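Asks: fold the following and give me the result.
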Amino acid sequence: MRWKRELEAEGVNAFPGHGNRSPVEEELHRLRAENKRLLMERDILKKSNGLLCQGGVVIFPWISKNKCHWPVRVMCHVLHVSSSGYYKWCRNTPGCQMAAQEVALVEIKAIHAEVKER
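Replies: This is a model prediction of the structure:
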């Protein structure tokens, strides 16, 4: 029987699956993951178009604009900025604060109009 021959010849690696990859399959999986990561890093550098020279003032808005395309941590790593610095910038950005203030203002106006009608 074929499965008996395979078991005798390959041992534990005879029936791959459920996490039992052969060494060749394991290396192929690792190389594919590395290739995917390198392609992503290349694309980020292509799209960033020289932002590294301009500093965080320009890099952080670019990361914010492109976070739907690539993970923030990967972009921060490739562009040599800290992800904690990016998230701190997000919390302190006037645009974010202004958006929250505008929402609060709309709610206040709605409540004021409702009270005025009574």
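
Asks: measure the residue nearest the centre of the chain to R118 for me?
Replies: Closest to where the C-alpha atoms of the chain average out (CA atoms, centre = their mean) is P71, at 1.2 Å. Distance of P71 to R118, computed by CB to CB, to the nearest Å: 51 Å. From N, CA and C alone the C-beta is placed, and that goes for glycine too.

Asks: same question for R42.
Replies: Distance from R42 to R118, by CB to CB: 62 Å.

Asks: the two - which one has more neighbours?
Replies: Using other CB atoms under 10 Å, the more surrounded residue of R42 and R118 is R42, with 11 against 4.

Asks: mean confidence for the helix or strand containing the more buried one?
Replies: Using DSSP states H and E, R42 falls within helix 23-48. The average pLDDT for helix 23-48 rounds to 88.

Asks: which helices and strands does the helix or strand following that helix pack with?
Replies: Counting by DSSP H and E, the next helix or strand C-terminal to helix 23-48 is helix 56-66. Packing contacts for helix 56-66, counted by 3 or more CB pairs under 8 Å, 6 or more residues apart in numbering; DSSP states H and E, involve helix 23-48, helix 72-78, helix 83-92.
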